[in-house]
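Asks: Take a look and give me a structure for this.
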Amino acid sequence: MCDAYLMFSHRKQGTMVLSSLDKIIHLQKNTANIRNICVLAHVDHGKTTLADCLISSNGIISSRLAGKLRYMDSREDEQVRGITMKSSAISLHYTTGNEEYLINLIDSPGHVDFSSEVSTAVRICDGCIIVVDAVEGVCPQTQAVLRQAWLENIRPVLVINKIDRLIVELKFSPQEAYAHLKNILEQINALTGTLFTSKVLEERADRETESRVNPSSEPGEQVYDWSAGLEDTDDSHLYFSPDQGNVVFTSAVDGWGFGVEHFAKIYSQKIGIKKEVLLKTLWGDYSINMKAKKIVKAKGKKPLFVQLILENIWSLYDAVLKKDREKIDKIVTSLGLKIGAREARHSDPKVQINAICSQWLPISHAVLAMVCQKLPSPLDMAAERVERLLCAGSQAFDSLPPETQALKAAFMKCGSEDTDPVIIFVSKMFAVDAKALPQNRPRLLTQEEIAQRRERARQRHAEKLAATQGQAPAEPPQDGSAPETSPKGEQPKGDEPRVESAALRSPPQDGDGQESFVAFARVFSGVARRGKRIFVLGPKYSPVEFLRRVPLGFNTPLEDLPPIPHMACCTLENLYLLMGRELEDLEEVPPGNVLGIGGLQDFVLKSATLCSVLSCPPFIPLSFEATPIVRVAVEPKHPSEMPQLVKGMKLLNQADPCVQVLIQETGEHVLVTAGEVHLQRCLDDLTERFAKIQISVSEPIIPFRETITKPPKVDMVNEEIGKQQKVAVIHQTKEDQSKIPEGVQVDADGLITMTTPNKLATLSVRALPLPEEVTQILEENSDLIRSLEQLTSSVNEGRDAQMIHQKTQEKIREFKGKLEQYLTGRKWRNTVDQIWSFGPRKCGPNILVNKSEDFQNSVWTGPAIKASKEASRYRDLGNSIVSGFQLATLSGPMCEEPLMGVCFVLERWDLSKLEEQGSGGRHGQEQRDVAQDAQREGEACAGGGEQPGLPDGGSEPSEKTSQKGEPSPTDCYGPFSGQLIATMKEACRYALQVKPQRLMAAMYTCDIMATGDVLGRVYAVLSKREGRVLQEEMKEGTDVFTVKAVLPVAESFGFADEIRKRTSGLASPQLLFSHWEVVPSDPFWVPTTEEEYLHFGEKADSENQARKYMNAVRKRKGLSVEEKIVEHAEKQRTLSKNK
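Replies: Okay, the predicted model is just below:
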């Protein structure tokens, strides 16, 4: 065994140095040797410990504290919880051979609640380190971060961490460990393969689309073969394999790590086999014939990776854990290491292992060498990534102005000349205490200042002596004043002491615990200099729109620019080097570097693009994995502190990339967060940093949706409906709920017919449930629907429609095709062509279909009207119908929550009476009838005061109302358009109420990793909270089970804490918002048949989940709730019985 160790004694490794600020500033100018990387992983897989090891290599922290200090977790709650909650950056210096590298390392959170922080980190990096726990393997968040890296087109390398757990916890043999590691690699490569396949197929579909739009090839060539794209594309560079050098095996907590290249170099000298051959064969089913010094492929035998690498590491652990003093000394001597006396005598074996391994296989060298060799510099940015960053929305790069397309070269070149455009992307704003800013920090005194202070102290001492001897001086010295730290706390007077205090502490106006915002950014092109004027582009800024507004083009002088929407101009006030918990002042930052920018809080809310040329479009928005879903209302404990709360919430909104701050119609201030942990962090920040007041927090506001379903075939006791014997209904709950007022006609099949209050228009509306697939399509394409509605409205209003790109038109056609695919059958015939609007907010998952014969209007083509003279009237009134539909879908009848998956069909829209009234005196009799109707209504509305004016003045005012939309002075019901809105809204609500109504609950997907012995408790907690297990599988080679379940958001509060308590911390869930699901029970159900009475009892007071949810929402909103306050009042206990 000792011989094997002798091989490792000869090594040449990169050196780590404690870098000065000047050195880092010098390295920033060499763009080719910069690496911008982030560390991504599932929660608790060792990202921050790995970052500690890399930081300790630069001497910023002690190597003994690496893994314990968690240097990048600077927040108190991060240290308490033991998880990272924000992404933070640090610059490291690494030297290998003659090359010096600057590595901008960003540590990111692994908890699903903070996945938005991962998005902000990934955008400003060129590569990433994916860390995977050797025991747990690929977890849900590993898949999520790999997908995020893939979407941003950055190159990953793999670190398989916690190898020591295979030895110490699982007690694997080297052979078993090799098989386990191989399995993990296969899992992660399978995931990469899936992402790659989907990308290739997407590109192929795009090419097919283009060939359909521009048919250049002959029909005979159009053979549709999906596999062709996959076979032609080389994907070998994408996969992780130790022989390619993009995988490192580590134990960050023990401070060691290695890649196979390190061992290939050593063994090539010892055995005499070429390094290149060893590099290819150290990983895989290869074994060595030592006599012939040949490597042969052999499946059954011991692989080289086990024989030459793992067995040596296992042997070292075995010796240290068994405290075999002799063997340890032999290993240390053979490796040529020097172990300190303190470590050698230490009783904790972990300390000894760390002392030996961190010298033998330093983790920082293994990881940073891989980063420098395998990850790209800013100069190697892919052209595809540049094009994606510049193409916001559904634009194609070719459709951008030529000046914008020319910026691609500046990105690729990373030019630092004065002529190069300065382009900076701010991915987030983060708050720091104003005292921590470099300009406010206490500075060290110079030698001259120290000498002056010494002189003043001598003078004061002399004065004191003179005073005690009764010989006080006639006048005080010129620069005399109370000492700065006088016992009586006197204020300094005079000029010099003021200078003195300024030298010791920051200016009071900046240092009183205020929060200052720093932008987390990266320079993509040009040099960012302090004091430079720069444009801040909002996400809606468009260079095309700029050219339309400014005829002189992009070279217009700043003074001549008119106000441009979504664009502001500012000055780069302070530039900072981000060093974990510290910030350092910089004068300028060359391209390709990560930096902090001060003074942008008034210009940037969360993220923005900064550039020196107006031809640059804003970068595409960041894509967040987690959707904010948890809402709470906050208010100050003392109402007088409301202004501080409002200010604090504005600051919180700016400081957190994912949080949303809303003021609801009720006046409540609402926080919307991604989960419980995120919510707690936001509330802590609000009370301690931003508002600094005590606040009251409501119970979480659970979002629901309302929908309708097909009538059920069986009742609550699974009896076929219609066959049972009906009994008298005691409870009238359902009848009361669905009571339709007089004057509203209801057909047997649910068609509602309503007339406007002035009897001039009649509407017939029917509600139908949409198929689930259609609802899903509508949800996924909300952005496309929004742009489609904007286009249709601009056509309707006669404005010039914005030129829509070919790709967008194709997407709209594809979207329409998908809808037609699912809306089939007699009931849905021609429905897609007749879609008039989507709702709520014109982009939601409900549709309005117009089947009226008098007026055809489609969201795809715009209005098509029979008689052109009626065009404006129908169009104005049509807008009222759509507005009524939007209001109806925004708040349903059950508990005023938005609707989802409902199709409203406008069957009939009768305006004949309005037309008759508008035609003057030709139809006098009909007009009088209408007038009498209106008169009768007028008596009810206005008390009979204005009846005489109605018949005479009815004709002219109604003409005005219908054509110009002005209110009729004699019509007591207000403008006719308003009556139409109200009637349409009520008709939609009644159409819903005659159908079986259901609530839809928001659902989380819940991923839980637990050992077999606590699995039963996990299932118990899930079933108690209405959860449903989808799948359960065992991790190969371990006793860990992965449980995938769905859980209603309404039941998720306290779920993570409860599951940890019940399983003694052995199971921890990850909750991510997934979808909306119909709550199966009917909220208005009451027993109506004999079987139901027998089963549920007369009161039917067993738990109805949907009714419980509905009543809770109604109570919160102040709506009426039908429930008894006191039951069985006659059973009160009296005092006499208690005696």
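Asks: Which residue is the nearest non-sequential neighbour of the most centrally placed residue in the chain?
Replies: Most central in the chain under CA atoms, centre = their mean is Phe624, positioned 2.9 Å from the mean C-alpha point. Excluding the flanking residues, the one nearest Phe624 by CB to CB, 6 or more residues apart in numbering is Ser116, at 4.6 Å. In this view, the C-beta of every residue, glycine as well, is placed from N, C-alpha and C.
Asks: I figured the one you found hits Cys658, correct?
Replies: Yes. The pair Ser116 and Cys658 passes the contact test of CB atoms under 8 Å, sitting 3.5 Å apart.
Asks: For the stretch 751-900 of the chain, which segments are assigned as helices?
Replies: 772-780, 782-796, 806-822, 871-890 (DSSP state H, counting those that start in this stretch).
Asks: what's the longest one in contact with?
Replies: Contacts made with helix 871-890 from outside it, assessed by CB atoms under 8 Å, 6 or more residues apart in numbering, are listed as 761, 763, 796, 836-837, 839-842, 844, 846, 848, 854-855, 857, 863, 865, 898-899, 902, 904, 906, 909, 911, 962-963, 965, 976-978, 980-985, 987-989, 992.
Asks: would you put the C-alpha positions of that helix in CSV?
Replies: Extracted in CSV, the C-alpha atoms of helix 871-890 (Å, rounded to 0.1, in the frame of the first residue of the first chain):
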residue,chain,number,x,y,z
ALA,A,871,-70.6,49.5,-37.4
SER,A,872,-69.7,52.1,-34.8
ARG,A,873,-72.8,51.4,-32.7
TYR,A,874,-72.2,47.6,-32.6
ARG,A,875,-68.5,48.2,-32.0
ASP,A,876,-69.1,50.5,-29.0
LEU,A,877,-71.7,48.2,-27.5
GLY,A,878,-69.6,45.2,-28.2
ASN,A,879,-66.9,46.7,-26.0
SER,A,880,-69.5,46.9,-23.2
ILE,A,881,-70.3,43.2,-23.7
VAL,A,882,-66.6,42.3,-23.4
SER,A,883,-66.2,44.5,-20.3
GLY,A,884,-69.1,42.7,-18.7
PHE,A,885,-67.5,39.4,-19.5
GLN,A,886,-64.1,40.6,-18.0
LEU,A,887,-65.8,41.7,-14.8
ALA,A,888,-67.7,38.4,-14.5
THR,A,889,-64.5,36.3,-15.0
LEU,A,890,-62.6,38.5,-12.5
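Asks: what's the next secondary structure element after it?
Replies: Next in sequence after helix 871-890, counting helices and strands by DSSP states H and E, comes strand 902-910.
Asks: and that following strand, what's its mean pLDDT?
Replies: Mean pLDDT, strand 902-910: 88.
Asks: Could you check the angle it makes with helix 871-890?
Replies: 150 degrees (axes from the mean of the first three to the mean of the last three CA atoms, to 10 degrees).
Asks: Name the residues of strand 902-910 that are buried.
Replies: Using 16 or more other CB atoms under 10 Å as the burial criterion, the residues of strand 902-910 that qualify are 902-907, 909-910.
Asks: do stretch 285-297 as well
Replies: 286-288, 295.
Asks: Next, format the buried residues of strand 902-910 as JSON lines and append distance to Gly538.
Replies: Output for the buried residues of strand 902-910, formatted as JSON lines (distance: CB to CB, whole Å):
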{"residue": "Val902", "distance to Gly538": "35"}
{"residue": "Cys903", "distance to Gly538": "36"}
{"residue": "Phe904", "distance to Gly538": "36"}
{"residue": "Val905", "distance to Gly538": "40"}
{"residue": "Leu906", "distance to Gly538": "38"}
{"residue": "Glu907", "distance to Gly538": "44"}
{"residue": "Trp909", "distance to Gly538": "41"}
{"residue": "Asp910", "distance to Gly538": "47"}
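Asks: Relative to the whole chain's centre, how far out is the strand of greatest length in the chain?
Replies: The longest strand of the chain (DSSP state E) is strand 997-1011. Its chain's C-alpha centre and that of strand 997-1011 lie 19 Å apart, by CA atoms, centre = their mean, to the nearest Å.
Asks: Sheet-wise, list the partners of it with their directions.
Replies: strand 704-708 (antiparallel), strand 1040-1048 (antiparallel), strand 1068-1078 (antiparallel) (DSSP bridges).
Asks: most tightly surrounded among those?
Replies: strand 704-708 (a mean of 25; mean count of other CB atoms under 10 Å).
Asks: Extract the C-alpha set from it and format it as CSV.
Replies: Only the C-alpha atoms of strand 704-708 are listed here, as CSV (Å, rounded to 0.1, in the frame of the first residue of the first chain):
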residue,chain,number,x,y,z
PHE,A,704,-58.6,29.9,-5.3
ARG,A,705,-60.3,29.7,-8.7
GLU,A,706,-64.0,29.1,-9.5
THR,A,707,-65.1,26.8,-12.3
ILE,A,708,-68.0,24.6,-13.4
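Asks: Mind listing residues that contact it?
Replies: Contacts of strand 704-708 (CB under 8 Å, 6+ apart): 767-769, 892-895, 897-902, 992, 995-1002, 1076, 1078, 1109, 1113.
Asks: filter the residues you listed to the buried ones?
Replies: 767-769, 892-895, 897-902, 992, 995, 997-1002, 1076, 1078, 1109, 1113.
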